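Novice: next input, structure requested:
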Amino acid sequence: MDDLYIKRTFNSPEIEFLADTGELSMEGRSIPEDPGEFYERLIDWVNDYFLKPAQKTLLSIKLEYINSGSSKYMLELLRIMKANHENGKQVHIKWYFEEGDESIQELGQHYEQTIRLPFEHIEYE
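Specialist: Coordinates of the predicted model:
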């Protein structure tokens, strides 16, 4: 399976999904004009990835900001992670938030409670 790389823009995060290692990362801000167009590509890739995943899947999310349109798709992405975790796949989620950014910190906690999959919450400077 090919890796997925999407360069960061002012409105969308950098995406780097490495199929062989199971390392999936998102970093930046998520306020694309058409979140469906942006996230559906990721969701399709992740669904294909889980047909033959790496032994362990690590999703690292480090967002400065995420709008409500993107948030809906982020939740869908996390639900896919949960479904695969429940099917016996090793899935780990790291949620990064900047020191003092209560909004992003609380969003990570909200996602964790909503999908009921353990997150590792990591504060950075």
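
Novice: and the helix or strand hosting residue 106, what's buried?
Specialist: Here residue 106 sits within helix 102-115, counting by DSSP states H and E. Neighbour-count burial for helix 102-115 flags 104, 105, 107, 108, 111, 112, 115 (criterion: 16 or more other C-beta atoms under 10 Å). Every C-beta, even on glycine, is put in place using the N, C-alpha and C of the backbone.

Novice: got a list of what the fourth one touches?
Specialist: Read it as residue 108. 61, 95, 97, 119, 121 (C-beta atoms under 8 Å, 6 or more residues apart in numbering).

Novice: what's around the closest residue to residue 40 other than its chain neighbours, how many residues?
Specialist: Distances taken as C-beta to C-beta, 6 or more residues apart in numbering put residue 73 closest to residue 40, at 7.6 Å, once the chain neighbours are dropped. Residue 73: 19 surrounding residues under other C-beta atoms under 10 Å.

Novice: roughly how far does residue 73 sit from residue 24?
Specialist: Between residue 73 and residue 24 the computed distance is 14 Å (C-beta to C-beta, to the nearest Å).
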